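S.K.: Compute the structure for the input listed below.
(3 chains)
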Amino acid sequence: MSDSFFNKVYDVVKKIPYGKVTTYGAIANYLGSGGSARTVGWAMNNSHCFEDIPAHRVVNRNGILTGKHHFSGTNLMQQLLESEGVKVEEDKIVNFDDHYWVPN
DNA sequence: TCCATGACATCCA
DNA sequence: CTGGATGCCATGG
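M.R.: Sure thing, here's the model as predicted:
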């Protein structure tokens, strides 16, 4: 379990700095060892059991809040991002490139 | 081993 | 823009 692909994903997501966001593909690319955006998304689906996972900072490659439906409401994810200084409009991040962070 | 699912990515009509 | 199809990989039944 600790050595599962999930742990790697969680570890990276937890390292995302305040006010920054990343994409599933970026994480998958960073892990590299057998990993695809799908596997990352699947791991995030389980992240709902882990409070330490700022999943709202993880979006798809367009910066769209694809996983917002997994949060409590429909705008909670957006609220969290805007609360960190990340502007969101029409379910997508504004100036995404400026907030884009990659594990390195 | 095969089948189904998943918060993706990318291509195409 | 929307929807379908394909590829990718991990996990569970």
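S.K.: where does chain A come near DNA strand B, residue by residue?
M.R.: A:23-25, A:36-42, A:44-45, A:47-48, A:53, A:55, A:58, A:60-62, A:66-67, A:69-70 (Cβ under 7 Å from any atom of the strand). Bear in mind the C-beta positions are built from the backbone N, C-alpha and C, glycine included.
S.K.: now those residues: which count as buried?
M.R.: Among those, those classed as buried by 16 or more other Cβ atoms under 10 Å are A:23-25, A:37, A:39-41, A:44, A:47, A:53, A:55, A:58, A:66-67.
S.K.: Quick check: the two most widely separated of these?
M.R.: Greatest spatial distance among these (Cβ to Cβ): A:25 and A:53, at 17.8 Å.
S.K.: Can you name the residues bridging to the most centrally placed residue in chain A?
M.R.: In chain A, the residue lying closest to the centroid (Cα atoms, centre = their mean) is residue A:58, at 1.3 Å. Beta bridges link residue A:58 to residue A:22, judged by DSSP bridges.
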